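Student: With the input below, show me the fold.
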Amino acid sequence: MSALPSEARVGSMVSALDAVDPPAPRPAPLLDRESRDWLVSLNGRGPARDAAIARLHALLLRAARFEVGRRRAALPYVRGDEFDDIACEAADDALVSVLARLDDYRGASRFTTWVYKFALYEAAAKLRRRAWQGREVPLEAETWEMFTDGGLEPAAEVEQRELLAAVKDGISLRLTPHQRTVLVALAVNGVPIDVLAERLGTTRGALYKTLHDARRSLRAGLAESGFDLKATNVEGR
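Tutor: Predicted coordinates for the structure are as follows:
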């Protein structure tokens, strides 16, 4: 598959993006010349902008292929051509995100460094979803034992078991059904948040908000029960 997008693909992207006038270039006197040139070209119009978008897509595709190559050993059952499809899809989505957020670029790093992150994120997220494809997402806690630490002194082991029981009771009694689902899936069973968002038909932002509210409620319950929250791992999970 070519490193550059097809003319039809770039053309369709440009047409969709041109439906809304691009934002006016933001003055950036402290930017390096290359970064400034990128912004000027991408915020322009006509053939110069089209060429810049094609170059940007090629850059994003290289970044996505790098991330896919770095992670492919963890997915031995995925075929080589599927990896390339994932990289191309990641580059396409990253391109759309970058063009929609050009005005967010503040020049803290080189423009190419900033856009690379979009491709790396999209590739990683797509690979996580691929890893969970066809797998049941566990929404009930089945791995509480992983939170126990063997080899403790008797007193510490009793305290640990009491804390674990309080956490389980808090999840059961203090949280809403949706909060329980989100907290258990993400914090206990280790389901990737983008996978859970896709399965539940919601967004990452909504899940982060639910997780934050669930943790806050759970911590409040533990505090009311007299547990030293600084000594627990509830906040970190």
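Student: which residues of this protein score low on pLDDT?
Tutor: For the chain, the stretches with pLDDT under 70 are 1-29, 133-160, 228-237.
Student: just checking, what packs against the top helix by length along it?
Tutor: The helix spanning the most residues in the chain, taking DSSP state H as the definition, is helix 47-71. For helix 47-71, the packing partners by 3 or more Cβ pairs under 8 Å, 6 or more residues apart in numbering; DSSP states H and E come out as helix 7-18, helix 33-42, helix 80-100, helix 111-131. Where C-beta positions appear, they are placed from N, C-alpha and C, glycine not excepted.
Student: any idea how the chain splits into domains?
Tutor: Listed domain ranges for the chain are 7-131, 144-231 (source: automatic domain parsing).
Student: Is it possible to get a markdown table of those that adds mean neighbour count?
Tutor: Formatted as a markdown table, the domains of the chain follow (neighbours: other Cβ atoms under 10 Å):
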| stretch | mean neighbour count |
| --- | --- |
| domain 7-131 | 16 |
| domain 144-231 | 15 |
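Student: Put the alpha carbons of stretch 181-190 into CSV.
Tutor: What follows is stretch 181-190 as a C-alpha-only set of coordinates in CSV (Å, rounded to 0.1, in the frame of the first residue of the first chain):
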residue,chain,number,x,y,z
THR,A,181,-20.2,-1.2,35.4
VAL,A,182,-17.7,1.5,34.5
LEU,A,183,-15.6,1.2,37.7
VAL,A,184,-15.4,-2.6,37.6
ALA,A,185,-14.7,-2.8,33.9
LEU,A,186,-11.9,-0.1,33.9
ALA,A,187,-10.4,-0.3,37.4
VAL,A,188,-10.8,-4.0,38.3
ASN,A,189,-10.9,-5.9,35.0
GLY,A,190,-8.6,-3.7,33.0
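Student: going forward, begin numbering at 832 instead of 1
Tutor: Got it, the first residue is 832 from now on, which makes the last one we talked about stretch 1012-1021.
Student: From the chain's centre, how far out is that stretch? Work that out for me.
Tutor: Mean C-alpha position of stretch 1012-1021 versus that of the full chain (Cα atoms, centre = their mean, to the nearest Å) differs by 16 Å.
Student: same check, this time on stretch 880-888
Tutor: Centroid separation for stretch 880-888 versus its chain: 25 Å, with Cα atoms, centre = their mean.
Student: Look up phi and psi at residue 863.
Tutor: Main-chain torsions, residue 863, degrees, to the nearest 10: phi -70, psi 160.
Student: how about the closest residue to it other than its chain neighbours, phi and psi?
Tutor: Leaving aside its sequence neighbours, residue 863 sits nearest to residue 941 (Cβ to Cβ, 6 or more residues apart in numbering; 6.3 Å). Dihedral angles of residue 941 (phi, psi; degrees, to the nearest 10) stand at phi -60, psi 150.
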